[in-house]
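In: fold the following.
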Amino acid sequence: GGLMVLGDSFGQSVFKESLNRVFNRVPDDVPQDGGSICMAFGASLEVFTSREFKVSGAIGPGTSLNKHGPNVSDLEIGKGGTSAWSLGALGPETTIAIYFDVTHGNAA
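Out: Predicted structure coming up:
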């Protein structure tokens, strides 16, 4: 991800408006979060599953944390081979897809 703004100077309105959109804030009337920037940094995502499912991978802005375990599938989709990912930054437009492999456990 990233942002590029072309302009002649930092004082141009297109530059100022672009920065205002990037650093958008939560409205002040929202309890607990009012005035905060609509971003998060240094996040991590970890998936826990039941025995019937295994994590095949993730597609999105994540980096593998190489967390192997019995719930990680051999079938890799996107960034697979793990059940945990590091997410550098999150915003309202961030999308992450998690893919699962359905296993057939022993019938009891």
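In: tell me where this structure has helices.
Out: Counting by DSSP state H, the chain has helices at residues 13-22.
In: low pLDDT regions in it?
Out: Applying pLDDT under 70 to the chain flags the ranges 1-2, 105-108.
In: could you pull out the strands in it for me?
Out: For the chain, the strands defined by DSSP state E occupy 40-46, 53-59, 62-64, 84-90, 97-102.
In: would you turn these into TSV with distance to residue 12?
Out: Quick note: C-beta positions are derived from backbone N, CA and C, even for glycine. Formatted as TSV, the strands of the chain follow (distance: least, Cβ to Cβ, whole Å):
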stretch	distance to residue 12
strand 40-46	28
strand 53-59	36
strand 62-64	35
strand 84-90	26
strand 97-102	37
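In: list the contacts of residue 88.
Out: 41-42, 61, 63 (Cβ atoms under 8 Å, 6 or more residues apart in numbering).
In: I'd like these as CSV, with neighbour count appended.
Out: As requested, the contacts of residue 88 are arranged in CSV below (neighbours: other Cβ atoms under 10 Å):
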residue, neighbour count
41, 9
42, 9
61, 16
63, 13
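In: on that earlier part again, out of the strands of the chain, which is closest to residue 18?
Out: Smallest distance to residue 18 across the strands of the chain (Cβ to Cβ): 17.0 Å, for strand 84-90.
In: chain center to that closest one: distance?
Out: 5 Å (Cα atoms, centre = their mean, to the nearest Å).
In: now do that strand against strand 53-59, angle only.
Out: Interaxial angle of strand 84-90 relative to strand 53-59 (axes from the mean of the first three to the mean of the last three Cα atoms, to 10 degrees): 40 degrees.
In: in strand 84-90, what counts as buried?
Out: Buried positions in strand 84-90, judged by neighbour count with 16 or more other Cβ atoms under 10 Å: 84-85, 87, 90.
In: what's the answer for stretch 7-23, then?
Out: residue 18.
In: can you list contacts of that stretch?
Out: 3, 5, 37, 39.
In: is the third one in a bridge, and if so with what?
Out: Taking DSSP bridges as the rule, residue 37 bridges to residue 25.
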